[in-house]
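K.L.:
Can you look at this prediction? I've put the sequence above it.
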Amino acid sequence: MENCSIKGLLQRVRVEAEGLEVSVDMDAYSLARRDPLEPIFFAGSLDAPIAFVGRDLGKEEVINGQPLIGSAGRRVRSAAYRLITGNEPPAGDRILEAVLPHVILTNIVPFKPVGNKCYAPAVRERFRPFLAELLTCHWKGCRVITLGAEAFSWFAPYAPAGAIRAFGEREDRFEAEMECVLEAVCNGQLAHRTVTVAPLPHPSPLNQAYLARFPGMLEKRLRKVFDGNGS
């Protein structure tokens with residue numbers, strides 16, 4: 001059924017955005033000549049072993065039509081590129097196509113907010129079923145790296161009560177992992193699947209406490225999946 005396909009999923013995200021009249025950065029979409037209600041939902045492969053989940057889009061994501069391609073996203077893509085290919089990323093290459101068959105990149109809200117301010121919890125919850133469906137019904141991997149507190153907190157309903165909050169207060173939260181049981185309606189039936197969630201701080205230049213350490217932290221996460229040779 002098309003409604004259960006990726007195409008159907010994207011159509012339902014758009015319908016939700018239209019009905020919600022979600023507030024987006026109209027200037028960024030106008031500059032990029034993109035439809036502001038067309039979701040920029042994910043990039044990469046549904047067969048990838050690892051998913052990256054961020055908060056929402058920035059202006060570079062709108063311009064390029066892919067999540068995680070701005071300054072923070074390039075740090076993610078570059079680290080994965082080094083491990084997968086064994087080479088340094090080509091200068092000026094934002095997309096790094098060699099990475100995309102090995103990862104899936106997405107956000108908890110597939111639109112750019114005004115002023116890069118976080119969408120209200122009510123808005124994030126309206127889009128929850130769509131990301132849950134993507135990760136539960138369509139993506140084949142089992143390891144998720146979250147970028148920032150909001151992305152990690154998104155998984156709270158899929159863990160025991162209070163577990164995400166308690167994990168986020170641990171000193172080793174950026175080295176440890178936890179299991180979450182995702183839930184979504186797949187082909188008309190409620191489905192569950194277990195994923196391993198590994199949080200990291202958001203690699204924004206504004207997050208100076210972790211910015212310099214982020215590449216090493218991410219490399220440790222990625223080495224649990226990739227062996228440095230792309231296998």
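P.N.:
Arrived safely. This one's a predicted model, so the numbers in the text were calculated from it and none came from an experiment. Numbering: from 1, shown residues only.
K.L.:
May I ask which helix or strand of this protein has the lowest mean pLDDT?
P.N.:
helix 208-211 (a mean of 83; mean pLDDT, DSSP states H and E).
K.L.:
How many residues are close by E97?
P.N.:
9 (other Cβ atoms under 10 Å). (C-beta placed from N, C-alpha, C; glycine too.)
K.L.:
Nearest residue to D56 in space, please, no chain neighbours.
P.N.:
V109 (4.4 Å; Cβ to Cβ, 6 or more residues apart in numbering).
K.L.:
Quick check: that neighbour touching G54?
P.N.:
No - V109 lies out of contact with G54 (Cβ atoms under 8 Å); the separation is 9.6 Å.
K.L.:
Can you show me the strands along the protein?
P.N.:
Using DSSP state E, the strands of the chain run over residues 42-44, 50-54, 103-107, 143-147, 178-186, 189-200.
K.L.:
which secondary structure elements does the first one contact?
P.N.:
In this structure, strand 42-44 makes packing contacts with strand 103-107, judged by 3 or more Cβ pairs under 8 Å, 6 or more residues apart in numbering; DSSP states H and E.
K.L.:
Tell me what angle the strand it packs on forms with strand 143-147.
P.N.:
Angle of strand 103-107 versus strand 143-147, following axes from the mean of the first three to the mean of the last three Cα atoms, to 10 degrees, is 40 degrees.
K.L.:
Can you give the strand pairings for strand 103-107, parallel or anti for each?
P.N.:
strand 42-44 (antiparallel), strand 50-54 (parallel) (DSSP bridges).
K.L.:
so how far is V76 from M217?
P.N.:
11 Å (Cβ to Cβ, to the nearest Å).
K.L.:
cool, F174 as well?
P.N.:
Taken as Cβ to Cβ, the span from F174 to V76 is 14 Å.
K.L.:
What residues sit buried inside stretch 19-39?
P.N.:
Judged by neighbour count (16 or more other Cβ atoms under 10 Å), stretch 19-39 contains these buried residues: V22, V24, D25, A28, Y29, A32, P36, L37, P39.
K.L.:
Sketch out the low-pLDDT regions of the protein for me.
P.N.:
1-4, 227-231 (pLDDT under 70).
K.L.:
Next, name the residue at the spatial heart of the protein.
P.N.:
V53 (2.1 Å; Cα atoms, centre = their mean).
K.L.:
for the least confident helix or strand of the chain, the distance to its chain's centre please.
P.N.:
20 Å (Cα atoms, centre = their mean, to the nearest Å).
K.L.:
and V197, how many neighbours?
P.N.:
Neighbour tally, V197, other Cβ under 10 Å: 23.
K.L.:
again with the one 5 residues further on
P.N.:
Using other Cβ under 10 Å, the number of residues around H202 comes to 19.
K.L.:
okay, how far is it across stretch 45-53, tip to tip?
P.N.:
Taking Cα to Cα, to the nearest Å, the first and last residues of stretch 45-53 lie 14 Å apart.
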